[in-house]
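>>> Okay, sequence plus prediction incoming.
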Amino acid sequence: MSAKYEYYKPRTLEDAWRLLAEAPQARLIAGGTDLLVRLKKRVLAPPGALVSLRSIPELAAIEARGAMLRLGALASAARLASDPEVTAALPALARAAQWLGGAQIRNVATLGGNIANASPAADLVPPLLVYEARVEVRSAKERREVPLSDFFRGPGETCLRPGEILTAVLVPRPAEGARSGYLRKGRVRMDLALAGVAALVERRDDVCSRARLAACAVAPVPLRLRRAEAQLEGERLTSEAIERAAAAAAAEVSPIDDVRTSAEYRRVLVQVFVRRLLA
Ligand SMILES: Cc1cc2nc3c(=O)[nH]c(=O)nc-3n(C[C@H](O)[C@H](O)[C@H](O)COP(=O)(O)OP(=O)(O)OC[C@H]3O[C@@H](n4cnc5c(N)ncnc54)[C@H](O)[C@@H]3O)c2cc1C
């Protein structure tokens with residue numbers, strides 16, 4: 001027998017918070033591409049009620065605010081892949097969005113859902129980690145900003161408290177001349193990543209002044225590769241320095257064997273992606 005849920009479609013954040021307060025067992029739903037699959041597979045207990053965010057217009061905006069881009073939680077992967085501001089300023093994020101699922105999934109899958117679902121394999125997260133994004137979280141009473149690197153607690157677990165909604169992602173514009181990219185591999189074109197790596201590099205006089213590396217699908221949560229970053233900062237980007245960083249990256253991830261592939265192969269992918277991105 002299929003489970004039945006109440007389905008609410010508030011038009012304001014205030015109404016969404018009220019519904020969450022009235023039905024503490026309710027779950028938020030955005031695109032539903034993660035949530036509905038998990039409900040159907042009965043990985044999640046029936047929530048009693050679903051509160052859709054899709055009719056709250058303020059969650060959908062992508063805005064340039066001076067030195068920062070504010071990406072609304074409801075921005076779809078398709079929009080992130082093609083928005084002129086995002087493709088120009090945050091190419092690694094646009095590239096990850098282009099690779100997420102197939103066209104139908106990209107049209108409904110949202111940025112907020114990709115982050116809040118807290119999958120170790122979430123493709124949009126490594127680029128946002130190298131851009132040092134912060135997550136805007138709001139409840140009826142409070143607004144807080146959390147560095148994305150502190151947002152995840154474990155697979156499927158975040159620092160979101162009851163009644164809180166991830167409303168936007170705040171991304172500082174990379175410095176002029178910064179270069180960034182994202183590489184990932186699935187078993188087939190439309191598959192979760194076996195591993196994904198994002199990189200951002202700034203150079204001054206041929207020396208790497210800032211390096212940011214992050215990976216997904218190779219640890220319980222998407223993570224920064226800080227030891228690999230440390231191999232690069234203050235160094236010229238020679239093939240030796242790149243090789244040291246790639247080896248450090250492969251050593252600091254903690255991948256698992258699963259149905260998709262082996263831990264060993266995931267480590268190799270991280271090493272190869274770091275090398276290719278830096279080269
Ligand atoms: C066929 C298929 C292919 C896929 N391919 C990929 C892929 O290549 N890469 C990848 O990363 N993912 C992939 N996914 C997973 C999924 O599409 C993405 O993670 C997507 O971004 C989730 O967004 P959503 O809006 O659909 O989230 P939903 O399913 O609506 O929500 C996911 C979770 O986040 C919570 N949530 C959603 N929005 C908010 C919010 N604003 N505030 C607080 N909590 C919130 C929900 O309560 C739920 O727990 C795929 C899924 C399918 C079905």
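That came through fine.

>>> Quick check: the residue of this structure nearest the ligand.
residue 113 (2.1 Å; CB to the nearest ligand atom). For the C-beta atoms, the positions are set from N, CA and C on the backbone; glycine is no exception.

>>> pLDDT value on that residue, please?
Residue-level confidence at residue 113 comes out at 98, pLDDT.

>>> That one contacts residue 36, correct?
No. Contact status for residue 113 versus residue 36: not in contact, 10.8 Å apart, counting by CB atoms under 8 Å.

>>> Of these two, which one has the most company?
A direct count of neighbours by other CB atoms under 10 Å for residue 113 and residue 36 places residue 113 higher, at 25 against 13.

>>> thought residue 58 was touching residue 11?
No. Counting by CB under 8 Å, residue 58 stays clear of residue 11, with 10.1 Å between them.

>>> For stretch 149-157, buried residues please.
For stretch 149-157, burial by neighbour count (16 or more other CB atoms under 10 Å) applies to 149, 151, 152, 156.

>>> Let's see which of those end up in strands.
Here DSSP state E is the test, and these give residue 152 as lying in strands.

>>> quick check, nearest of the buried residues of stretch 149-157 to residue 3?
The closest of the buried residues of stretch 149-157 to residue 3 turns out to be residue 156 (CB to CB; 19.4 Å).

>>> Quick check: closest non-adjacent residue to that closest one.
Spatial nearest neighbour of residue 156, excluding adjacent residues (CB to CB, 6 or more residues apart in numbering): residue 118 at 5.1 Å.

>>> The one you found and residue 26, how far apart?
Distance from residue 118 to residue 26, counting by CB to CB, to the nearest Å: 18 Å.

>>> swap in residue 233?
The span separating residue 233 from residue 26 equals 45 Å under the rule CB to CB.

>>> Have a look at the two and say which one is more surrounded.
The neighbour comparison of residue 233 against residue 26 (other CB under 10 Å) goes to residue 26, with 20 against 15.

>>> Residue 19 is in contact with that one, correct?
Yes. Using CB under 8 Å, residue 26 is in contact with residue 19, at 6.3 Å.

>>> joint contacts of those two?
Shared contacts of residue 26 and residue 19, defined by CB atoms under 8 Å, 6 or more residues apart in numbering, comprise 8, 49, 51.

>>> hang on, the earlier thing: contact partners for the residue nearest to residue 156?
Contact analysis of residue 118 by CB under 8 Å, 6+ apart lists 151, 152, 153, 154, 155, 156, 157, 158, 221.

>>> could I get those as a markdown table with pLDDT and distance to residue 199?
Shown next, in a markdown table, are these (pLDDT from 0 to 100; distance: CB to CB, whole Å):
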| residue | pLDDT | distance to residue 199 |
| --- | --- | --- |
| 151 | 98 | 20 |
| 152 | 98 | 20 |
| 153 | 98 | 25 |
| 154 | 97 | 25 |
| 155 | 96 | 24 |
| 156 | 95 | 27 |
| 157 | 97 | 27 |
| 158 | 98 | 25 |
| 221 | 98 | 19 |
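
>>> Thanks a lot, catch you later.
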